[in-house]
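# Prediction below, plus the sequence it came from.
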Amino acid sequence: MKKLLILILLVIPGISTATSKALDYCATVESWAAQKVIQQLVQKNKDLDPQRATALLLERTALKEQSKPVTLSEWGPLYTQTIKIQIPFTGNKKPPMTIIASSIISAEECSLTEPSYLDMGM
């Protein structure tokens, strides 16, 4: 019993670290949400340089209903995530385009919903 308890204590931090890394990936410029937004904007404005785009996590919040986590059986707990994406223009002709994008994610899947986004330069 003692060995089982020690094993559980060793495994749980690894699970939370893996979950944290998976969630953090969803906020990178390589993530599905960021790439979806960048692709849509580059189609509208060919002067944008998607290769130099950056993404920064602004907020991630666990979804809850009556203080209980909202969970999908296949994907686990759900989170809302808001990221700031900056896309420079080729040749730095203008200041970078700044976008705020939001989506629902899980540690298993970054693409549970289409990202909604707002151009902060409007």
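Ah, there it is.
# from the middle of its chain, how far away would stretch 84-95 be?
From the chain centre to the centre of stretch 84-95 is a distance of 21 Å (CA atoms, centre = their mean, to the nearest Å).
# And for stretch 36-51?
For stretch 36-51, the distance to the chain centre is 18 Å (CA atoms, centre = their mean).
# and if you look at stretch 31-38?
That offset, for stretch 31-38, works out to 9 Å (CA atoms, centre = their mean).
# What are the boundaries of the strands in the protein?
54-62, 64-65, 68-69, 71-72, 76-77, 79-87, 97-105, 116-119 (DSSP state E).
# could the ones you listed be laid out in JSON lines, adding mean pLDDT, mean neighbour count and distance to Q40?
From N, CA and C alone the C-beta is placed, and that goes for glycine too. Listed next are those as JSON lines, based on pLDDT from 0 to 100; neighbours: other CB atoms under 10 Å; distance: least, CB to CB, whole Å:
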{"stretch": "strand 54-62", "mean pLDDT": "96", "mean neighbour count": "14", "distance to Q40": "15"}
{"stretch": "strand 64-65", "mean pLDDT": "94", "mean neighbour count": "10", "distance to Q40": "30"}
{"stretch": "strand 68-69", "mean pLDDT": "92", "mean neighbour count": "10", "distance to Q40": "31"}
{"stretch": "strand 71-72", "mean pLDDT": "91", "mean neighbour count": "14", "distance to Q40": "26"}
{"stretch": "strand 76-77", "mean pLDDT": "92", "mean neighbour count": "16", "distance to Q40": "28"}
{"stretch": "strand 79-87", "mean pLDDT": "97", "mean neighbour count": "20", "distance to Q40": "11"}
{"stretch": "strand 97-105", "mean pLDDT": "96", "mean neighbour count": "20", "distance to Q40": "10"}
{"stretch": "strand 116-119", "mean pLDDT": "96", "mean neighbour count": "14", "distance to Q40": "8"}
